[in-house]
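**Q** Build me a model:
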Amino acid sequence: MKSFVSGQIVNQGYYSAFMPGHINRLWQIEDMSIIQMLSLADRHLGRLDMYSGYVNIDLYISMHIAKEATQSSKIEGTQTNMQEAFLDKSEIADERRNDWEEVQNYIAAMNGAVRQLDDLPFSSRLIRNTHSTLLQGVRGEHKLPGDFRQSQNWIGGASINDAVFVPPPHTVIPDLMSDLEHFANDESMPVPDLLKIAIIHYQFETIHPFLDGNGRVGRLLIPLYLVSKGVLKRPILYLSEFFEKHRALYYDNLMRVRTHHDIAQWFKFFLTGIIESAKKGIETFDGILQLQKSIDIRLKELKGKETVARKVLESLYKRPVIDAKKMAQIIDKSLVSAYKLISEMERIKILHEITGANRGRIYVFQEYLDLFKND
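**A** As a prediction, this is how the structure comes out:
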C-alpha cells in the first residue's frame, strides 16, 4: 500500500478535476494493524451471519432495510423516521411526502438489487438499475435515473470554482466504472472481500458517476457486494448509521485518500464501521429473541385468541405499524373483531396507539421498533 497513488488533479481548462487511478491492480496489504482489524471484522460478521441460519430472517429483513433507508437518506438531508417509513402515503403529512418517497425508493432499490443478484453479477448494469429505482418519481427524477452523467458535477461549494471536490469528467466514467466492475469480479486478485468493498466504495464515491444519488447508491453497494460474494446470506449489515454518526470523519477519510493517497486510514475507518455495525446487528437480533420470549408469555393471556394474535405478530415483524382495516384483512374477520383483538393486544402491551385520534387510529409494535433505534 505504500506505493498506492489514488490519482491526480487534471486541468480541464477553466477548472481542475480529480482523475482517479485504476483499482483493478495488484494490492499488497503490509500493515499488520489492518490485518488484525480485518480478522476481528470477519469474526463479528460471521457471528452476525449465523442468525440467518437459526431465525426466520425474512421476517426481520424489512426492518433492517427500512433502517438503512432512513439512515442513508438522512445523510442526504431526508428526515423520514422508521415509524413513518411503514406508514401509507396517505398517512404522511404533505410536507414530508417527498422525504417519505425517497425512503420508499431506497427500500425498493435494495430489495430489487438483491433479487437481481440471482441473474446479474455485481456490475455497472446492476448499479444503473439500482440508481434508476432510487430516483424514480422523486426530486432527482430529472437527473438521468439509471444513466451515467453526461456533464461535470462537483461536491460542496456554490460553483465548480470553489467546490470541495470535483470528480473526474464524464468522458472517463465508462472506463473507470468498467475498471471498478472488473476489480469487483476478478477472483485472481487476492484481496479480502471487506477490503475490496472498502476500495469499491471509495472509488465509486470518487468517480461520482451519477448526477444525483451517488451517496445513497455507494452506501447501498456495501451490503449488496457482501451478499453477492456470500459473505452474508442476506443484507443484514449496514454502515449508514455509522457513517451518519461520524459524518465528518467519513468525508475526511474519503478525501484524505485523494489528497494524501492514504488508503490505510480509510481501511481502518471502514473496518471500524464493519465491526461496530456487526456488533449492533448482533445486539438487535439478541434483543429480538428476548422480545419473542416475552411476547410468548404475554400471548398465553389471550387464551382463545392466541393463534390469531400470532398471525398478526408475524405481519408486525415485517411491518410494525397497523390499523384496524389491515388487522381485519390479516385475520380475515370483521372490523369489530379486529378492534377487539387490537384492544387485547394493547392490554398486554404489544400494540400502542400513536395518533390520539378518535378515527383513523394507527397502532405500532413499539418494543420491536425500539430495538432498531439509533444510539
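
**Q** Tell me who's in contact with the residue nearest the centre of the chain.
**A** Nearest to the mean C-alpha position of the chain, by Cα atoms, centre = their mean, lies Glu68 at 3.7 Å. By Cβ atoms under 8 Å, 6 or more residues apart in numbering, the residues touching Glu68 are 106, 110, 219-220, 223, 238, 240-241. Where you see a C-beta, it was placed from the backbone N, CA and C, and this is true even at glycine.

**Q** Widest-spaced pair of these?
**A** Met110 and Glu241 (14.9 Å; Cβ to Cβ).

**Q** Between those two, which has more neighbouring residues?
**A** Using other Cβ atoms under 10 Å, the more surrounded residue of Met110 and Glu241 is Met110, with 26 against 22.

**Q** low-scoring stretches of the stretch 251-375 of the chain, by residue?
**A** In the predicted model of the stretch 251-375 of the chain, residues 374-375 satisfy pLDDT under 70.

**Q** domain assignment for this structure?
**A** 7-283, 303-370 (automatic domain parsing).

**Q** So for Ile297, which of the ones you listed sits nearest?
**A** domain 303-370 (9.3 Å).

**Q** first vs last residue of that closest one, how far apart are they?
**A** By Cα to Cα, to the nearest Å, the extent of domain 303-370 from end to end equals 27 Å.

**Q** now swap in stretch 319-336 and tell me
**A** With Cα to Cα, one end of stretch 319-336 sits 22 Å from the other.

**Q** Touching it from outside, list them.
**A** Applying Cβ under 8 Å, 6+ apart, the set of residues contacting stretch 319-336 is 62-63, 83, 86-87, 308, 311-312, 315-316, 337-339, 341-342, 351, 360-365, 368-369.

**Q** Which of the residues you listed are buried, as a PyMOL select command?
**A** In PyMOL, this line selects whichever of those come out buried by 16 or more other Cβ atoms under 10 Å:
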select buried, resi 62+63+83+86+87+308+312+315+316+337+338+341+342+351+362+363+364+365+368+369
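
**Q** Which of the contacts of stretch 319-336 fall in strands?
**A** Using DSSP state E, the members of the contacts of stretch 319-336 that fall in strands are 363-364.

**Q** immediately after the host helix or strand of Thr259, which helix or strand?
**A** Secondary structure assignment for Thr259, by DSSP states H and E: helix 247-260. Counting by DSSP H and E, the element after helix 247-260 in chain order, helix or strand, is helix 263-299.
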